[in-house]
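[1] Below are the sequence and a predicted model for it; my questions follow.
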Amino acid sequence: MKTLIHTRIYALLTQNESNPSELAHAYEEFIETMTEMVANFDNRDDILRILYYSRVEFDVLSHPSFNRYSNNVLRTTFIYKIMYILDCEINIVSNSTKYSSNQDYSFPLSYQDGELLWTGTQQELLEHAVALHKNGIIMYGNRKARFIEIVRALSSTFHITINDVYVKKTRMLDRSTAVTPFLDKLKKAYEQVVERHLR
């Protein structure tokens, strides 16, 4: 199956490329290639299959078992950028009215009855992720997990897609009202359980 790994950005990321300009140009080319490919398809399933398979291939590059260049922060950053631009495109295609389909895509495509599903807001999940990351209690191999890795794990577990993670995180931290509304709600719920238990 044709995927988006036959692109210059994939070739550069497979190697230990550290030239910012080279990676930036290849990244722009990737977006143009992906956009053109999606525009030329009329079948939603075919597009999503290619996008998902491509995302898997890029995700493998970031896995510790295959990542010989984990110290190259720039390379890792571009890998995550590619995966989230693919997530964004998957979300757009899934919810587009352009394609005829009998399948309901209102839920993530991987969701099945009986699986865990996040029913809160994206902001609430990000608030939870920020606290977990700052606390440093989640490990990724032999190091503390990065914020984006925690978000990806929570998103995968609870079948929710969050695009523009860092933009939404910044907006959340910039708010001038309650600082931690979701964590406050969780704390209150826990205190109520303890109070009932102690009666």
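    Received, thanks.
[2] C-alpha only now, for contacts and for neighbours.
    Noted.
[3] Going C-terminal from the helix ranked longest in the chain, what's the next secondary structure element?
    If you go by DSSP state H, the chain has its longest helix at helix 73-95. Once helix 73-95 ends, the next helix or strand along the chain (criterion: DSSP states H and E) is helix 122-135.
[4] how much distance is there from that next one to the middle of the chain?
    The chain centre lies 14 Å from the centre of helix 122-135; the measure is CA atoms, centre = their mean, to the nearest Å.
[5] same question, stretch 184-193
    Relative to the centre of its chain, stretch 184-193 is centred 29 Å away, using CA atoms, centre = their mean.
[6] Format the CA atom coordinates belonging to it as PDB.
    As requested, the backbone C-alpha atoms of stretch 184-193 are provided in PDB (Å, rounded to 0.1, in the frame of the first residue of the first chain):
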ATOM      1  CA  ASP A 184     -10.600  20.800  41.900                       C
ATOM      2  CA  LYS A 185     -13.600  18.800  40.800                       C
ATOM      3  CA  LEU A 186     -11.700  15.500  41.200                       C
ATOM      4  CA  LYS A 187     -10.500  16.600  44.600                       C
ATOM      5  CA  LYS A 188     -14.000  17.400  45.700                       C
ATOM      6  CA  ALA A 189     -15.300  14.100  44.500                       C
ATOM      7  CA  TYR A 190     -12.600  12.200  46.400                       C
ATOM      8  CA  GLU A 191     -13.300  14.200  49.600                       C
ATOM      9  CA  GLN A 192     -17.000  13.300  49.300                       C
ATOM     10  CA  VAL A 193     -16.200   9.600  49.000                       C
END
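[7] list the buried ones in it?
    Within stretch 184-193, no residue qualifies as buried by neighbour count (16 or more other CA atoms under 10 Å).
[8] so how far is Arg196 from Tyr10?
    56 Å (CA to CA, to the nearest Å).
[9] between those two, who's got more neighbours?
    Taking Tyr10 and Arg196 together and counting by other CA atoms under 10 Å, Tyr10 has the greater number of neighbours (21 against 8).
[10] With just CA atoms, put the helix or strand containing the more buried one into PDB.
    Using DSSP H and E, the element containing Tyr10 is helix 8-14. Output for helix 8-14, consisting of C-alpha atoms alone and laid out as PDB, is shown next (Å, rounded to 0.1, in the frame of the first residue of the first chain):
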ATOM      1  CA  ARG A   8      12.000  13.400   1.800                       C
ATOM      2  CA  ILE A   9      11.000  14.100   5.400                       C
ATOM      3  CA  TYR A  10      10.800  10.400   6.200                       C
ATOM      4  CA  ALA A  11      14.200   9.800   4.600                       C
ATOM      5  CA  LEU A  12      15.700  12.600   6.700                       C
ATOM      6  CA  LEU A  13      14.100  11.400   9.900                       C
ATOM      7  CA  THR A  14      15.300   7.900   9.300                       C
END
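[11] Which other helices and strands does the following helix or strand past that helix contact?
    Reading on from helix 8-14 to the C-terminus, the next helix or strand found by DSSP H and E is helix 20-39. Secondary structure elements in contact with helix 20-39, counted by 3 or more CA pairs under 8 Å, 6 or more residues apart in numbering; DSSP states H and E, are helix 8-14, helix 73-95.
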